[in-house]
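Engineer: Return a 3D structure for these sequence lines:
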Amino acid sequence: MELRQDALEILKQTSRTFYIPISGLPQGLQEAVASAYLCMRAIDEIEDHPLLDNSVKAKLLRTISMKLQAAVDRSSLEDLSPALKSHPSPLPEVTWRIGEWAVLAPATIAPRIWDATAAMADRMAHWSETNWKIHTEADLDRYTFGVAGAVGLLLSDLWAWYDGTQTNRTHAIGFGRGLQAVNILRNHMEDRSRGVDFFPDGWNKDQMYAYARRNLFLADAYTQALPLGPALDFCKIPLTLAYATLDALAHGEEKLSRSAVMALLAQVSAGK
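Structural biologist: Below you'll find the model as predicted:
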């Protein structure tokens, strides 16, 4: 219980957007989704760390991946957090506590989260080493699958594990890709300031908007096919915010205001 409450507090500090839908999930599923989110946020913080060289990022990410791949039970991950906490370059708390997040999920689904996190860490290591060079739409598809589309597949597995909910896996990938494409648009100028451009060669914002909307169309299909229940309640929130963010960016706003986010969340909650 203490770890669960601690995880929710760290979740609130790192992402209020995802804290709200995760905190509303039923027991068991809540711990599983929180575990998945925090593990992936932990490695994402390494990928985006402003003070780490790309080679150091790749080494850290592969170390985490190998540790997760070698796990045989929950206790075998206990030494992962202390090792990261003592790293010479300060890492955020959500990162150095990844060992704790990895054992938060129920034992019957935790290994699936370890597998997904390990695979994502390996892919992030590759992209770090190549400085996120994206030249073609196929490159973009590989990146958005690697860091987000695969999360859609994991969520589908979590829904099926919890109550047998079945989903279209192609739509699940589109769900993740669509959310990531919106993030790419939102962070485009910031990314370019650090020498990273996720736009394929020759693409402008119009083409990235089209890419985002094409994948959000699949996300719509994914969400609309979900039965009434926790999976639907969860997915409606990030999808609603993604569309609103896309519209705000199209009208020249940098991001959704906090008041707009809270109004949308209230609207989605009222429509349950």
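
Engineer: Where do the helices of the stretch 151-272 of the chain begin and end?
Structural biologist: Secondary structure of the stretch 151-272 of the chain (DSSP state H, counting those that start in this stretch): helices at 169-186, 188-193, 205-224, 230-250, 258-270.

Engineer: Deepest-packed of these, please.
Structural biologist: Highest mean neighbour count of the helices of the stretch 151-272 of the chain: helix 169-186, a mean of 23 (counted as mean count of other CB atoms under 10 Å). Backbone N, C-alpha and C define where each C-beta goes, glycine included.

Engineer: And the contacts of that helix?
Structural biologist: Here helix 169-186 makes contact (CB atoms under 8 Å, 6 or more residues apart in numbering) with 141, 144-145, 147-153, 155-156, 191, 198-199, 205, 208-209, 211-213, 215-219, 221-223, 225, 235, 238-239, 242, 245-246, 249, 254-255.

Engineer: Within the helices and strands, which one has the closest residue to Glu78 other than its chain neighbours?
Structural biologist: Counting by CB to CB, 6 or more residues apart in numbering, Glu78 lies nearest to Gly99, which is 6.1 Å off, once chain neighbours are set aside. Element membership for Gly99 (DSSP states H and E) is helix 98-102.

Engineer: other SSEs contacting that helix?
Structural biologist: Contacts defined by 3 or more CB pairs under 8 Å, 6 or more residues apart in numbering; DSSP states H and E place helix 98-102 against helix 2-14, helix 29-47, helix 80-85, helix 110-129.

Engineer: Show me what counts as buried in the first one.
Structural biologist: Counting neighbours by 16 or more other CB atoms under 10 Å, one finds that the buried residues in helix 2-14 are 7-8, 10-11, 14.

Engineer: now the third one
Structural biologist: Neighbour counts using 16+ other CB under 10 Å place 80-81, 84 of helix 80-85 among the buried residues.

Engineer: Pick the one among those closest to Ala58.
Structural biologist: Proximity of the buried residues of helix 80-85 to Ala58 (CB to CB) peaks at Leu84, which lies at 15.1 Å.

Engineer: Show the contacting residues for the closest one.
Structural biologist: Going by CB under 8 Å, 6+ apart, Leu84 touches 60, 64, 91, 95-99.

Engineer: between those, which is nearest Leu3?
Structural biologist: Distances from Leu3 to these, taken by CB to CB, are shortest for Arg97, at 9.8 Å.

Engineer: And for the protein, the residue most distant from the center?
Structural biologist: The centre of the chain is farthest from one residue, Gly202, which by CA atoms, centre = their mean lies 27.3 Å away.

Engineer: Show the model's pLDDT score for that residue.
Structural biologist: Gly202 is assigned 97 on the pLDDT scale.

Engineer: same check, this time on the one 10 residues further on
Structural biologist: With respect to pLDDT, Ala212 has a value of 98.
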